[in-house]
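Enquirer: any chance you could fold what I've pasted below:
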Amino acid sequence: MTETSPAKPSGTDFIPAASSSSAPPATVTPAAASPSVGKAELPASGAVNHADQLARIEDKTARIEDKYARSEALLSRVEEKVESASARMNDAARQVDLSSLRSEVRTLSDRVGRLPGTGALVLTAIITAVLTVALMVAVQRLNLDRMLPHSVGGQSQTTPATPSSNPPASNP
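Expert: As a prediction, the model looks like this:
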C-alpha cells in the first residue's frame, strides 16, 4: 500500500487515484463535521463570553463618561476663575489708567491756570499799540526816521543830485 500521508503532499502522488478516492472523503467528513460541532458549541460559550466582554466594555465606558463629566466640570470652574481673574486685571488696569489720566489732567489744569487771562491779554495789546504809536511819533519829530531800515521808513531823505542817472523803476 502506497498511500501518502496528508501532511506531506508532493509531486503526482498528491493527486489520489480513482481507487483511493473513496477513502479520503471518509477522512474528510469527520474533519468537516468537527467545525460544525465546534460552531454549535461556540455560540453557547461565546454568548456568555461576549456578554461578559460587553459588560466590561460598558463599565469602562461608564467610567470614561464619569471622568469626562468630572473633567468638564473642572474645566468650567477653571474657566470661571480665569474670567473673574481677567475681569479683576482689567479693573486694575483701568484704575492705573485712570490715576495716570487724573494726574495728567491735573498737570494740564495747573498749566492752563497759570496762563494770563483775557483782561491781561487785552491790556497788553493796548499798551503795545500806544507805545508803538508814541515811539513812531517821537522818531518822526526827532527826524530819526532815516536811521530806520528802508522797508520800515520808506524812502531815504537824501535824493541823488542827478535824477536821470538812476531812473526809478516803474510799478506795473
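Enquirer: near Met136, how many residues? Count them for me, please.
Expert: For Met136, the tally of surrounding residues (other Cβ atoms under 10 Å) stands at 14. Where you see a C-beta, it was placed from the backbone N, CA and C, and this is true even at glycine.
Enquirer: with the one 4 residues further on instead?
Expert: Gln140 has 12 neighbours, counted by other Cβ under 10 Å.
Enquirer: all strands for this structure, in order.
Expert: Shown for the chain, no strands are assigned by DSSP state E.
Enquirer: confidence-wise, which helix or strand of the protein is lowest on average?
Expert: helix 150-153 (a mean of 64; mean pLDDT, DSSP states H and E).
Enquirer: tell me where this structure has helices.
Expert: 23-113, 118-141, 150-153 (DSSP state H).
Enquirer: comparing these by mean pLDDT, which bottoms out?
Expert: When the helices of the chain are ranked by mean pLDDT, helix 150-153 comes last with a mean of 64.
Enquirer: now do Thr132 against Arg102, distance only.
Expert: Applying Cβ to Cβ, to the nearest Å, the value for Thr132 to Arg102 is 45 Å.
Enquirer: what's stretch 131-138 in contact with?
Expert: The contact list for stretch 131-138 (Cβ atoms under 8 Å, 6 or more residues apart in numbering) reads Leu144.
Enquirer: start at 22 instead
Expert: Sure, I'll start counting at 22 from here, so that last one is stretch 152-159.
Enquirer: buried sites along that stretch?
Expert: Across stretch 152-159, burial judged by 16 or more other Cβ atoms under 10 Å covers no residue at all.
Enquirer: how about it as PDB, C-alpha atoms only?
Expert: Extracted in PDB, the C-alpha atoms of stretch 152-159 (Å, rounded to 0.1, in the frame of the first residue of the first chain):
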ATOM      1  CA  LEU A 152       3.800 152.600  22.900                       C
ATOM      2  CA  THR A 153       4.300 151.800  19.200                       C
ATOM      3  CA  VAL A 154       2.400 154.900  18.200                       C
ATOM      4  CA  ALA A 155       4.300 157.100  20.700                       C
ATOM      5  CA  LEU A 156       7.700 155.800  19.600                       C
ATOM      6  CA  MET A 157       6.900 156.300  15.900                       C
ATOM      7  CA  VAL A 158       5.800 159.900  16.600                       C
ATOM      8  CA  ALA A 159       9.000 160.500  18.500                       C
END
